[in-house]
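Participant: Sequence and predicted model, in that order:
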Amino acid sequence: MIPKVAFLLVVFAIFTTGVIYAEPGSIDVDIDGTPVTINYDAEGVEVVSIDADLDFVSLIIDVDVSGSPGILEITLERSYFDSVFDGTDEDFIIIADGEEPTFEEIETTSTSRTLQIELENGTDELEIIGTDIGIQPEPAPEPEPEPAPEPEPEPA
């Protein structure tokens with residue numbers, strides 16, 4: 001009886017280990033001629049590739065979802081991809097195989113935004129749509145105002 005219980009515990013541990021822990025990863029993406037590394041954690045999701053679509057201001061992510069559901073946490077650096085309007089963060093638009101998946105922004109900093117996206121088993125393509133894509137130039141410092149010329153003294 002004890003060997004059967006031990007065997008079942010080992011089998012349970014093997015099968016649940018892959019489900020419990022997310023697999024960290026990163027992938028290099030060419031954004032307007034500049035290589036950028038995108039970091040992610042995936043649980044039940046394999047990220048196959050990521051391409052930038054400059055015309056639609058989006059990232060197209062080819063995925064293989066084997067979990068039910070699969071969870072993808074992806075960190076997007078604001079320097080190359082963001083969603084803002086008048087200086088205020090806007091929600092990204094996310095589409096998975098033509099449908100809107102459940103997602104939330106789980107971390108926001110001045111330099112990055114991290115999204116957690118729930119994907120159905122069998123999902124092949126994920127698109128994240130923002131408002132800005134490409135390496136954003138650092139804002140130029142505001143010019144210092146020139147001192148006003150001193151008035152010339154009036155002749156006496």
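Facilitator: Right, received. Where do you want to start?
Participant: can you count the residues close to the residue nearest to Glu23 when sequence neighbours are not counted?
Facilitator: Excluding the flanking residues, the one nearest Glu23 by C-beta to C-beta, 6 or more residues apart in numbering is Ala42, at 5.2 Å. Every residue, glycine included, has its C-beta placed from N, CA and C. Neighbour count of Ala42, defined by other C-beta atoms under 10 Å: 21.
Participant: I figured Ala42 hits Ile27, correct?
Facilitator: No - using C-beta atoms under 8 Å, Ala42 is not in contact with Ile27, being 10.7 Å away.
Participant: In the protein, where is pLDDT below threshold?
Facilitator: In the predicted model, the chain carries pLDDT under 70 at residues 1-21, 135-142, 156.
Participant: Please name the bridge partners of Glu105.
Facilitator: Leu115 (DSSP bridges).
Participant: Can you get me a residue count around it?
Facilitator: By other C-beta under 10 Å, the residues close to Glu105 number 14.
Participant: same check, this time on the one 4 residues further on
Facilitator: Counted with other C-beta under 10 Å, the neighbours of Thr109 add up to 10.
Participant: what sits against it?
Facilitator: Thr109 makes no contacts at all, as judged by C-beta atoms under 8 Å, 6 or more residues apart in numbering.
Participant: Now do the same contact list for the closest residue to Ile128 other than its chain neighbours.
Facilitator: Take Ile128 and drop its neighbours on the chain: the residue closest to it by C-beta to C-beta, 6+ apart is Leu59, 4.7 Å away. Leu59 sits next to 29, 38, 50-53, 76, 81, 127-128, 130, 133 when contact means C-beta under 8 Å, 6+ apart.
Participant: Can I get these in JSON lines including neighbour count, distance to Asp64 and secondary structure?
Facilitator: Formatted as JSON lines, these follow (neighbours: other C-beta atoms under 10 Å; distance: C-beta to C-beta, whole Å; DSSP: H, G, I helix; E, B strand; the rest coil):
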{"residue": "Val29", "neighbour count": "19", "distance to Asp64": "18", "secondary structure": "strand"}
{"residue": "Ile38", "neighbour count": "21", "distance to Asp64": "17", "secondary structure": "strand"}
{"residue": "Ile50", "neighbour count": "21", "distance to Asp64": "13", "secondary structure": "strand"}
{"residue": "Asp51", "neighbour count": "12", "distance to Asp64": "16", "secondary structure": "strand"}
{"residue": "Ala52", "neighbour count": "21", "distance to Asp64": "20", "secondary structure": "strand"}
{"residue": "Asp53", "neighbour count": "12", "distance to Asp64": "20", "secondary structure": "strand"}
{"residue": "Leu76", "neighbour count": "22", "distance to Asp64": "21", "secondary structure": "strand"}
{"residue": "Phe81", "neighbour count": "26", "distance to Asp64": "23", "secondary structure": "strand"}
{"residue": "Glu127", "neighbour count": "17", "distance to Asp64": "16", "secondary structure": "strand"}
{"residue": "Ile128", "neighbour count": "22", "distance to Asp64": "17", "secondary structure": "strand"}
{"residue": "Gly130", "neighbour count": "21", "distance to Asp64": "24", "secondary structure": "coil"}
{"residue": "Ile133", "neighbour count": "21", "distance to Asp64": "25", "secondary structure": "strand"}
